[in-house]
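# Structure for the following, please:
(4 chains)
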2 protein chains.
Amino acid sequence: MKPENIKVACSNCNLRELCMPVGLAPGELQRLDDLVATRRKIKRRETLFRNGEPFTSLYAIRTGVFKTRVTSEDGRDQVTGFQMAGEIIGLDGIVNDQHTCDAVALEDSEVCVMPFERIEELSREVTALQRHVHQIMSREIVREHGVMLLLGSMRAEERLAAFLLNLVQRLHARGFSRSELVLRMTREEIGSYLGLKLETVSRTMSKFAADGMVEVEQRNVRILDPEALRRIVNPPGC
Amino acid sequence: MKPENIKVACSNCNLRELCMPVGLAPGELQRLDDLVATRRKIKRRETLFRNGEPFTSLYAIRTGVFKTRVTSEDGRDQVTGFQMAGEIIGLDGIVNDQHTCDAVALEDSEVCVMPFERIEELSREVTALQRHVHQIMSREIVREHGVMLLLGSMRAEERLAAFLLNLVQRLHARGFSRSELVLRMTREEIGSYLGLKLETVSRTMSKFAADGMVEVEQRNVRILDPEALRRIVNPPGC
DNA sequence: CGCGGTGTTGAAAATTGTCAATAATTGTGG
DNA sequence: CCACAATTATTGACAATTTTCAACACCGCG
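Numbers count the residues shown, from 1 in each chain, chains lettered A, B, ... in the order given. Below you'll find the predicted structure:
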């Protein structure tokens, strides 16, 4: 699998607002193009990087969806997130110069490879980029706080409702429907992310369907009553 | 409570290895002193910052212990971490220029206030500092992955065992005993962090004591059999 | 010395997990 | 293109874990 060597340009990427939403002077914008060394295509089920591999680059997702997962010493694993177009993965590798999780493509995907050395170099000169890198990392920390809240204090229904709402919101921000979504991950992967067994995910999904809140047909989900889902996440008495 | 205006120096701080372990040229080391604008003392139960407050600075803990917690819209809260000397808090505020969690002192504490603008400025010039800031943020992301694994896939005993081992390990790195520790947090706070009710924490602690793995006397804990605790975290069959 | 916050323990209830059977879907190779 | 195997999803019955509710003990502090 040799990575393909296609030169690309951030300056006219249509994901710019998602991936590098910095207010840049025209000259600076062109310098950003230097960040992306290559693009790389990852087939479904293949990994972009794996736990233990040396860290060299951050990756901006151009197309497709990934999951990231950590594995404990005794082999249990935990999905730590699902990432889609415009999102940045690989931040875990910075601290020890090697990755501490796996990034697996859930469908055929393509990423921009941004060598971290180059990012650091350029962000010393382009203040807006420096700020942006800090924001991306901080955003990830805040996102994970939210996951900890979900895992630590929510019940199965609340977790799944929050998950569906989050997913459809992010898809909508990318131009997809506000109410229909196609799950790119299995029930087991959803369960791993939410700290539930796949059977619990399946049952809870069925319950939502029985209550008329969603329509579920395998991986196709239609949100019929988003308000009801929101009420589940944030119970009424408050 | 006006913050006290004491000028301080990183260059001769005995926490340097914990808080700013960068290999710096002598000249650069002195410039680091400019990072710390002031120190600030926080009394037990008081907050260093709160959700919603404008973000201005990162804080390096000099003495004491903090907890950070997030609160959901409906008022549930989740402890996201316990931080001690040498650790950096406030990273959550970078992304939206305001804090998204509370930092509460669990005992009388003191922090170094490092205005983030100054950090960004200086890390444009001092490469080692830039790298270090990135590492601190990445380390926090990796730590949170571990918490997600704990919350998502471990049972009560495993969570508490992992918690105790982590705590005593960090204390030992700071020169305290390898086996004795004083919990600065309540059972409820431990429970919130571990996604358990306080009764479950108490019961599990009692069980560990009954099994001879620890000696518990209120907040004083002595680890009698660290290997047994490790076996609980990482079950044998692997 | 008593009070409020904290911690422990028991019994019952609720939630989620486990195991198992079956169905539906997808991928693969003939 | 079809058929078969493998994966994924659903559902039921039961078990395990954790929570809830309640009572009581302990501790530190005014």
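
# Stretch A:94-107 and DNA strand D in contact?
No: using C-beta under 7 Å from any atom of the strand, we find that stretch A:94-107 stays clear of DNA strand D, coming within 9.9 Å at best. C-beta: built from backbone N, CA, C; applies to glycine.

# does A:F82 belong to a helix or a strand, and which?
Taking DSSP states H and E as the criterion, the element that holds A:F82 is strand A:77-84.

# when you scan that strand, is anything in it near chain B?
Yes: counting by C-beta under 8 Å from any C-beta of the partner chain, chain B has neighbours in strand A:77-84: A:77-78, A:80.

# The lowest-mean-pLDDT helix or strand in chain A: how far from the chain's middle?
Taking mean pLDDT, DSSP states H and E as the measure, chain A has helix A:26-32 as its least confident helix or strand, at a mean of 84. Relative to the centre of its chain, helix A:26-32 is centred 26 Å away, using C-alpha atoms, centre = their mean, to the nearest Å.

# so what secondary structure elements neighbour that helix?
helix A:116-125, helix A:127-153 (3 or more C-beta pairs under 8 Å, 6 or more residues apart in numbering or on different chains; DSSP states H and E).

# what is the orientation angle of the strand holding A:F82 with helix A:127-153?
140 degrees (axes from the mean of the first three to the mean of the last three C-alpha atoms, to 10 degrees).

# Okay, and the beta partners of the most centrally placed residue in chain A?
The structure's chain A has its C-alpha centroid closest to A:Q83; by C-alpha atoms, centre = their mean the separation is 1.7 Å. With DSSP bridges as the criterion, A:Q83 is bridged to A:F66.

# what bits of chain A have low per-residue confidence?
A:1-8, A:21, A:236-238 (pLDDT under 70).

# quick one, helices of it?
Assigned by DSSP state H, the helices in chain A fall at A:16-19, A:26-32, A:116-125, A:127-153, A:156-173, A:187-194, A:198-210, A:226-233.

# in the longest one, what counts as buried?
Meaning helix A:127-153. Within helix A:127-153, the residues that qualify as buried are A:128-153, counting by 16 or more other C-beta atoms under 10 Å in any protein chain shown.

# hmm, it in reach of DNA strand C?
No: using C-beta under 7 Å from any atom of the strand, helix A:127-153 never reaches DNA strand C; the gap is at least 10.5 Å.

# Now that the residue nearest to the centre of chain A has come up, it's in contact with A:L91, right?
No: here A:Q83 lies out of contact with A:L91, judged by C-beta atoms under 8 Å, at a distance of 10.9 Å.

# who are the neighbours in contact with the residue lying closest to A:T186 once chain neighbours are set aside?
Spatial nearest neighbour of A:T186, chain neighbours left out: A:L198 (7.4 Å); criterion: C-beta to C-beta, 6 or more residues apart in numbering or on different chains. Residues in contact with A:L198 (C-beta atoms under 8 Å, 6 or more residues apart in numbering or on different chains) are A:186-188, A:190-191.

# if we can go back for a sec, ok, the residue nearest to the centre of chain A - contacts?
Contacts for A:Q83 (C-beta under 8 Å, 6+ apart) come out as A:61, A:65-68, A:89, A:103.

# out of these, who's nearest A:S177?
Within the contacts of A:Q83, proximity to A:S177 (C-beta to C-beta) peaks at A:V65, which comes in at 16.0 Å.

# A:L196 and A:M154: what is the separation?
Here the criterion is C-beta to C-beta, to the nearest Å. By it, A:L196 lies 10 Å from A:M154.

# Tell me what the nearest residue to A:I136 once chain neighbours are set aside is bridged to.
Once flanking residues are discounted, A:I136 sits nearest to A:I88: 5.4 Å by C-beta to C-beta, 6+ apart. Assessed by DSSP bridges, A:I88 has beta-bridge partners A:A60.

# and if you look at A:D77?
A:T71.

# could you measure it against A:R69, distance?
Distance from A:D77 to A:R69, by C-beta to C-beta: 5 Å.

# What of A:R16?
The gap separating A:R16 from A:R69 is 29 Å, by C-beta to C-beta.

# Which of those two has more residues huddled nearby?
Counted by other C-beta atoms under 10 Å in any protein chain shown, A:R16 and A:R69 do not tie: A:R69 has more neighbours, with 22 against 16.

# and chain A, what are its domains?
As assigned by automatic domain parsing, chain A contains the domains A:10-150, A:155-233.

# Mean neighbour count, these: which tops it?
Across the domains of chain A, the average number of neighbours (mean count of other C-beta atoms under 10 Å in any protein chain shown) peaks for domain A:10-150, which reaches a mean of 19.

# end-to-end on that domain?
35 Å (C-alpha to C-alpha, to the nearest Å).

# can you give me how far that domain is from the chain middle?
Distance, centroid of domain A:10-150 to centroid of chain: 9 Å (C-alpha atoms, centre = their mean).

# near DNA strand C, anything from stretch A:222-235?
No: Stretch A:222-235 lies apart from DNA strand C when judged by C-beta under 7 Å from any atom of the strand; the minimum separation is 11.5 Å.

# Relative to B:S57, tell me which of the helices of chain A wins on proximity.
Nearest to B:S57, of the helices of chain A and by C-beta to C-beta, is helix A:127-153 at 13.5 Å.

# any idea of the angle the closest one forms with helix A:226-233?
70 degrees.

# Chain A against DNA strand D: which residues are in contact?
Checking chain A against DNA strand D by C-beta under 7 Å from any atom of the strand, the hits are A:183, A:186-188, A:198-199, A:201-203, A:205-206, A:216, A:218-219.

# got a list of what the closest residue to A:R222 other than its chain neighbours touches?
Using C-beta to C-beta, 6+ apart and skipping the chain neighbours, the partner closest in space to A:R222 is A:E215 (4.2 Å). Neighbour list for A:E215: A:209, A:221-222, A:224 [criterion: C-beta under 8 Å, 6+ apart].

# Quick check: A:E215 vs A:E157, distance?
17 Å.

# Please apply the same query to A:L24.
44 Å.

# Please apply the same query to A:L35.
42 Å.
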